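> sequence first, then the predicted structure, then my questions.
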2 protein chains.
Amino acid sequence: MERLGAGGIHIPLSTIAPATAERLAEHHAKYGVAYLASPVFGRLEAATAAKLWICVSGAAAAKELAKPIQAAIGQGVFDFGEGVASANVVKLCGNFLIASAIESLAESLTLAEKNGVDKKAVADMLGKTILACPVYQGYSKQIAEERFEPAGFRLALGLKDITLALQAATAKSMPMPVGSLLRDRWLASVAKGRENLDWTAIALSVAEDAGLKNEGPKNESVRTAGRSAD
Amino acid sequence: MERLGAGGIHIPLSTIAPATAERLAEHHAKYGVAYLASPVFGRLEAATAAKLWICVSGAAAAKELAKPIQAAIGQGVFDFGEGVASANVVKLCGNFLIASAIESLAESLTLAEKNGVDKKAVADMLGKTILACPVYQGYSKQIAEERFEPAGFRLALGLKDITLALQAATAKSMPMPVGSLLRDRWLASVAKGRENLDWTAIALSVAEDAGLKNEGPKNESVRTAGRSAD
């Protein structure tokens, strides 16, 4: 804070709890440092290619200061108003939807497999028709091909984000039945030693619950590999 | 069957249970009538504009016979092999994914609303970025705007399809936790008299469970209107 000093700005891109963002903004204000919640959708490759989607909220002056930096890493900025933590809420809403899509894809493709239908063909059709967007195209292919390494986004980080969404819901007395189900699924996957696999590896549990044998990586090899790819 | 006669073909487009498709195909065979499972994604407008996505499975000869008819209503045909009911399974997999997207969107947008974030802005951002596909664009807008009439697809029909997916899963001893959750959500919506609203109207229950008051249609007006828009 002291090094940034009055007139400085802090633009945190990570996925954090709205309550944490509020505490941080308060702390920054004491030092005259602007704080702008700026969680992003997209990975490191997207940042270097200036292809991130950026969500912001907070003071107008901070948004102005951040523009040149955002232009270097993002392809679009979405403004969610003055609330210091609003953009953080939006990021949790988005990651919850992605986790939910992964669980649902795993159930859907396993239903196909159990009924003797080629799940790769189903994934291919879905990605070309009703669900032709990057989230479904990428994850349905990974799940159908049972390709859970290397981790594009670590399963343990997915659990962190689902937990943050549930905390934000709980703080406002809001049940999230799918959210609760996802937490249990992700927790079970961590319990099985899959925390360092890609978060699509929860599909292994869906298949196991359906009595299917899997060719996926075994727990021990994964745990010792311990690769961090986030 | 007798009027169709030997050499005829039956190309049912509706969403039916795989077990029903198998019984129908057997019955057709007795009369020398070809049977081709051809469930579609898309509504009536899509059919008249030749924009349906068609899933087929069954005998090669039947697929050949069906081609000219399919060209008149569809923009693409996806072949899931020889299994008489495989295409029906795929249709259930797809409709389950759409129902799951609706529930998850309702939870996600309600989380935003409960945290003071404009849910229309969140829906807009999602549809332009990570979930830029028709299913999410259309349904997130409907849910954010609380626009559940007229029904594009009746809630009661959604319940039928979720139930068929669960039956196909149960027949193969496969748990579908999200599927079970969806059935309960849709059943509760029917219990509240919302069977003739659009199936996105399950979002009313999500909001009610979160203690939010809704401006949506009241049960009685809906029940007496009884509009069927499927």
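Everything's here; your move.

> what lies in contact with stretch A:16-25?
For stretch A:16-25, the external contacting residues (CB atoms under 8 Å, 6 or more residues apart in numbering or on different chains) are A:10, A:12, A:35, A:37, A:39, A:58, A:84-86, A:88-89, A:92, A:164, A:167-168, A:171, B:115. Backbone N, C-alpha and C define where each C-beta goes, glycine included.

> list the buried residues of that stretch.
Applying a neighbour-count criterion of 16 or more other CB atoms under 10 Å in any protein chain shown, one finds A:16, A:17, A:18, A:21, A:22, A:24, A:25 buried in stretch A:16-25.

> ok, residue A:198 - contacts?
Per CB under 8 Å, 6+ apart, neighbours of residue A:198: A:142, A:147, A:148, A:149, A:150, A:151, A:152, A:153, A:154, A:155, A:229.

> residue A:197 against residue A:155, yeah?
Yes: between residue A:197 and residue A:155 there is a contact under CB atoms under 8 Å: 5.4 Å.

> can the helix with the most length in chain A be found next to chain B?
For chain A, the helix with the greatest residue count under DSSP state H is helix A:86-114. Yes: residues of helix A:86-114 are located near chain B by CB under 8 Å from any CB of the partner chain, namely A:86, A:89-90, A:92-94, A:96-98, A:100-101, A:103-105, A:107-112, A:114.

> what element comes up after that helix heading to the C-terminus?
Following helix A:86-114 in sequence order, the next helix or strand is helix A:119-128 (DSSP states H and E).

> report the buried residues of that next one.
Applying 16+ other CB under 10 Å to helix A:119-128 flags A:119, A:120, A:121, A:122, A:123, A:124, A:125, A:126, A:127 as buried.

> return the distance of the second one relative to residue B:52.
Read that as residue A:120. 23 Å (CB to CB, to the nearest Å).

> next: the last one.
Using CB to CB, one gets 17 Å for the distance from residue A:127 to residue B:52.

> what's the closest of the buried residues of stretch A:16-25 to chain B?
residue A:18 (6.4 Å; CB to the nearest CB).

> show me the contacts for the nearest residue to that closest one once chain neighbours are set aside.
Using CB to CB, 6 or more residues apart in numbering or on different chains and skipping the chain neighbours, the partner closest in space to residue A:18 is residue A:85 (3.6 Å). Counting by CB under 8 Å, 6+ apart, residue A:85 touches A:18, A:19, A:21, A:22, A:25, A:37, A:57, B:115.

> what do you get for residue A:183?
A:159, A:162, A:163, A:166.

> report the secondary structure state of it.
helix (DSSP: H, G, I helix; E, B strand; the rest coil).

> how close does it get to residue A:71?
Relative to residue A:71, and taking CB to CB, residue A:183 is found at 37 Å.

> just residue A:94 next, same as before
For residue A:94, the distance to residue A:71 - CB to CB - is 22 Å.
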